[in-house]
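J.: A predicted structure for the sequence below; I have some questions about it.
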Amino acid sequence: MKVLFVCLGNICRSPTAEGVFRQYVEQAGLSDKITIDSAGTADWHIGKAPDPRTVAAAAKRGYDLSPLRGRQAQAEDFAKFDLILAMDKSNLSNLQAIRPADAKAELALYLPRFGISPDEVPDPYYGGEDGFELVLDMLEQASEVLLDEIKAKL
């Protein structure tokens, strides 16, 4: 199973989703069965580390995002991944615009795909530290449900 998390710049939400889910997968002993990556729909932060506030908030909870680097989502991702999860409706729309007609990957909004509200993971970039904590809370909850679904299919 190959999962791609996508936000706008790939420096806040999607690398957090990748780091959180990667740790859940490692703790479940499934790293050899699940591939995880993240990307952004914009090209502003290609090759850059996640936002320092993102890294700090994640580190407080034991997630290491320091090795991650930003990349832009590509049409080819729809052939490489089984599940592509957008953090919000705007990025879902951006992904739909580059999605090839023969795409094999399922494309969905992350939280609603697993029955979690609200519909979108809010972008913490322009807010305070509380926003990064809220994003972590949401992504931890969603990661548990995603992992349970994948384990049921393995």
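T.: Right, received. Where do you want to start?
J.: then residue 134 would be within a helix, right?
T.: Yes - judged by DSSP: H, G, I helix; E, B strand; the rest coil, residue 134 forms part of a helix.
J.: you'd agree it is up against residue 122?
T.: Yes - between residue 134 and residue 122 there is a contact under CB atoms under 8 Å: 6.8 Å. Just so you know, the C-beta spots here come from the backbone N, C-alpha and C atoms, and that holds for glycine as well.
J.: quick one: contacts for residue 38?
T.: For residue 38, the set of contacting residues under the criterion of CB atoms under 8 Å, 6 or more residues apart in numbering consists of 4-7, 10, 14-15, 17-18, 68, 71.
J.: looking at the residues you listed, which has the most residues close by?
T.: Using other CB atoms under 10 Å as the neighbour definition, the contacts of residue 38 reach their maximum at residue 14, which records 33 neighbours.
J.: okay but that one is in contact with residue 20, surely?
T.: No - under the criterion of CB under 8 Å, residue 14 is not in contact with residue 20, lying 10.8 Å apart.
J.: JSON lines for the contacts of residue 38, including distance to residue 104?
T.: JSON lines is the format used below for the contacts of residue 38 (distance: CB to CB, whole Å):
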{"residue": "4", "distance to residue 104": "12"}
{"residue": "5", "distance to residue 104": "18"}
{"residue": "6", "distance to residue 104": "16"}
{"residue": "7", "distance to residue 104": "22"}
{"residue": "10", "distance to residue 104": "22"}
{"residue": "14", "distance to residue 104": "20"}
{"residue": "15", "distance to residue 104": "24"}
{"residue": "17", "distance to residue 104": "21"}
{"residue": "18", "distance to residue 104": "21"}
{"residue": "68", "distance to residue 104": "25"}
{"residue": "71", "distance to residue 104": "20"}
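J.: which of these fall within strands?
T.: Assignment to strands by DSSP state E places the following of these there: 4-7.
J.: which one of these is nearest to residue 154?
T.: When the ones in strands among the contacts of residue 38 are ranked by distance to residue 154 (CB to CB), residue 4 comes first, at 18.3 Å.
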